[in-house]
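Colleague: Sequence and computational prediction follow.
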Amino acid sequence: MITFDPDLDMLPPRLESPGGAPVWEFQRLIVNPLLAIIALLGVWSVFRYSLQIRNLPLFLLSLVLAIVCPFLIQYHCVDCGRLDFTIRARRHACLHVVRRMRLDEDPPFPALSIRFQVTAWVVMILVAGLMYEIMATGFR
Ligand SMILES: [Zn+2]
């Protein structure tokens, strides 16, 4: 008895290689946090302004906006050039990725995982912010 009806069941097919490896092992993605950084700078200015004028709704709005900022991190696919949000990266399967998946071959160069790239960007931004704070307050 067939239980799957393509007209009624809208689940997308699961992307896996014949060996069972997930799709992200065959992707070559580069994280692009520029949009999130720009949004975070705006949130920071709203946060400081809300503290300056002592406005609680504006303060809470800045906290909510700060929670939204990580969702603005984007990725760039080296194979097809697509730019999209990172929360949808696990579903990205362009022609090159699907070909590598079907043939079960490795990418031409080992790509760094998205989690590692995001962690590296966060560390770099924190170090840059710390250096800025030291330079701004150190010479007064
Ligand atoms: Zn692609």
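Modeller: Now that the structure is in, tell me what you want to look at.
Colleague: Relative to residue 113, how far out is the residue nearest the centre of the chain?
Modeller: For the chain, the residue sitting closest to the mean C-alpha position, by C-alpha atoms, centre = their mean, is residue 86 at 3.2 Å. According to C-beta to C-beta, to the nearest Å, residue 86 and residue 113 sit 11 Å apart. To be clear about C-beta, it is placed using only N, CA and C from the backbone, and glycine gets the same treatment.
Colleague: And the ion, is the lowest-mean-pLDDT helix or strand in the chain touching that?
Modeller: Using mean pLDDT, DSSP states H and E, the weakest-scoring helix or strand in the chain turns out to be helix 95-103, at a mean of 89. No. With C-beta under 5 Å from the ion as the criterion, the ion is not reached by helix 95-103; the gap is at least 5.8 Å.
Colleague: can you offset everything so residue one is 68?
Modeller: In the new numbering, first residue 68, that becomes helix 162-170.
Colleague: No further questions, thank you.
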